[in-house]
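S.K.: show me how the following folds:
(chains A and B)
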There are 2 protein chains.
Amino acid sequence: MKQELNIVEQKYNVNLEDRIAKNGHEPLVIWFTGLSGSGKSTLANVLQNHLFNENKQVYVLDGDNIRSGLNSDLDFSENGRIENIRRISEVAKLLSQAGFIVITAFISPFESDREKAKQIIGSCFREVYIKASIETCETRDVKGLYKKARNGEIKNFTGLDSPFEEPKSPDLIINTSETSIEESLAQLLTLTNKI
Amino acid sequence: MKQELNIVEQKYNVNLEDRIAKNGHEPLVIWFTGLSGSGKSTLANVLQNHLFNENKQVYVLDGDNIRSGLNSDLDFSENGRIENIRRISEVAKLLSQAGFIVITAFISPFESDREKAKQIIGSCFREVYIKASIETCETRDVKGLYKKARNGEIKNFTGLDSPFEEPKSPDLIINTSETSIEESLAQLLTLTNKI
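M.R.: Residues are numbered from 1 along each chain as shown, chains lettered A, B, ... in the order given. Here you go, the predicted structure:
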């Protein structure tokens, strides 16, 4: 029994290299940024499905699983928005350290917030600009948010009365006005094919 | 091409059942509670190693990866401690929804906080009391924290000048003063053998 005890005690903790070896791929944080209605959630789910079926460990962080839980205490003030992105970044980092390919689908309209996300997450951060004109997004208006914003029911709505700062040097730009879902997926896979 | 498009669009999102099928096990949140020096981190790592080598998806949340990142903005006031546990609970829930067996290793001395954790995390929550007398923990004093607390360098130290509320009905109690690491591991595996 003494020997067994020593064996247990001498084992190293599970580290990221162990997880990479087991999963067969490195972690990655694919950070989507773009207007409401640009196609972030759609593409996040299409990409997740594809990677999952390739037997990769993948998870999407979006409003559905963040705003109602971890960030339910935050408002939409400037400080609230900054803290929202900071926490998302920290959780994405944790998931990447657990071996996951993480896809984040948040508008994240400010360059400074995305820059902070990149700093927190580190070398596995990839910025993807899901691009569509405000006219296209407003025409789609899947959630009816643009209509509400135009009616004054939502204030500080990105693209209308709050700015969207386009990424300066994203790893990828997908113009969803012109690009099919298959082609968008193919472009996204150029990011994960390298890991 | 049209057909392919439809196939992509008709796919359901990856859900928890898909992850369970792929991982070969259900998620679980094994919530350790106990005094500083009771053996939480040691047992968390031994359990993680064992489950990882059984090809399970497992991750430990502890002070190392939470306090320096997600919760770096929190102080040790009452509100800070409550928010600390709330966020840990939400992150553990997210990881469980991503399919993981999560082991949390925090003192979490208050019944109300652990009750809230249970409410947030839901049916996969398991409370494990890592039990050792204050005398044993103080003798171990691996991190030198008891000495600092006795010297007045740390205030509100659990077990000395701040209470530890013992769990009323934990799923498991491990008395580390009397139980070897192998035996402790065997007891912990009774939780994961059921999933």
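S.K.: excluding its backbone neighbours, what's nearest A:Ile130?
M.R.: Distance criterion C-beta to C-beta, 6 or more residues apart in numbering or on different chains; nearest residue to A:Ile130, sequence neighbours excluded, is A:Gly34 at 3.5 Å. To be clear about C-beta, it is placed using only N, CA and C from the backbone, and glycine gets the same treatment.
S.K.: shaky segments in chain A?
M.R.: Applying pLDDT under 70 to chain A flags the ranges A:1-12.
S.K.: in it, which spans are helices?
M.R.: A:2-10, A:16-23, A:40-53, A:63-66, A:78-97, A:111-121, A:134-140, A:145-150, A:181-192 (DSSP state H).
S.K.: count the neighbours of A:Gly69 for me.
M.R.: 17 (other C-beta atoms under 10 Å in any protein chain shown).
S.K.: and the helices of chain A as a markdown table, adding mean neighbour count and distance to B:Ala98?
M.R.: Output for those, formatted as a markdown table (neighbours: other C-beta atoms under 10 Å in any protein chain shown; distance: least, C-beta to C-beta, whole Å):
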| stretch | mean neighbour count | distance to B:Ala98 |
| --- | --- | --- |
| helix A:2-10 | 10 | 28 |
| helix A:16-23 | 14 | 13 |
| helix A:40-53 | 21 | 11 |
| helix A:63-66 | 16 | 9 |
| helix A:78-97 | 20 | 7 |
| helix A:111-121 | 17 | 17 |
| helix A:134-140 | 16 | 29 |
| helix A:145-150 | 16 | 27 |
| helix A:181-192 | 16 | 17 |
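S.K.: ok so, going back, can you count the residues close to the residue nearest to A:Ile130?
M.R.: The local packing of A:Gly34 (other C-beta under 10 Å) involves 28 other residues.
S.K.: okay, the residue most central in space within chain A and A:Leu189: tell me how far apart.
M.R.: Centroid-nearest residue in chain A: A:Thr104, 1.2 Å away (criterion: C-alpha atoms, centre = their mean). As judged by C-beta to C-beta, to the nearest Å, A:Thr104 and A:Leu189 stand 17 Å apart.
S.K.: for A:Pro167, same thing?
M.R.: Applying C-beta to C-beta, the value for A:Pro167 to A:Leu189 is 20 Å.
S.K.: what does A:Asn175 give?
M.R.: Counting by C-beta to C-beta, the gap from A:Asn175 to A:Leu189 is 17 Å.
S.K.: got it, and A:Ala92?
M.R.: A:Ala92 sits at a distance of 20 Å from A:Leu189 (criterion: C-beta to C-beta).
S.K.: next up, the contacts around A:Leu145.
M.R.: By C-beta atoms under 8 Å, 6 or more residues apart in numbering or on different chains, the contact set of A:Leu145 is A:36-37, A:154, A:157.
S.K.: which of those fall within strands?
M.R.: Among these, none falls in strands (DSSP state E).
S.K.: get me the contact residues on chain A for chain B.
M.R.: Within chain A, the positions near chain B by C-beta under 8 Å from any C-beta of the partner chain are A:1, A:4-5, A:8-9, A:11, A:13-14, A:18, A:22, A:45-46, A:48-49, A:52, A:55, A:57-59, A:61, A:65, A:69-70, A:73, A:83, A:87, A:90-91, A:93-95, A:97-98, A:100, A:120, A:180-182, A:185.
S.K.: mind running it again at 7 Å?
M.R.: A:1, A:4-5, A:8-9, A:11, A:13-14, A:18, A:45-46, A:48-49, A:52, A:59, A:65, A:69-70, A:87, A:90-91, A:93-95, A:97-98, A:100, A:180-182 (C-beta under 7 Å from any C-beta of the partner chain).
S.K.: returning to what we had before: do I have it right that the residue nearest to the centre of chain A meets A:Arg87?
M.R.: No: assessed by C-beta atoms under 7 Å, A:Thr104 is found out of contact with A:Arg87, at 11.4 Å.
S.K.: please name the residues that touch A:Leu16.
M.R.: The contact partners of A:Leu16, by C-beta atoms under 7 Å, 6 or more residues apart in numbering or on different chains, come to A:Gln97.
S.K.: could you report the distance from it to A:Leu51?
M.R.: From A:Leu16 to A:Leu51 the distance is 18 Å (C-beta to C-beta).
S.K.: ok, back up a step: pull the most distant pair out of the contacts of A:Leu145.
M.R.: A:Gly37 and A:Ile154 (13.3 Å; C-beta to C-beta).
S.K.: so what's the closest residue to A:Asn175 other than its chain neighbours up against?
M.R.: Ranked by C-beta to C-beta, 6+ apart and with sequence neighbours excluded, the top spatial neighbour of A:Asn175 is A:Lys131, at 4.7 Å. A:Lys131 makes contact with A:34, A:38, A:173-176, according to C-beta under 7 Å, 6+ apart.
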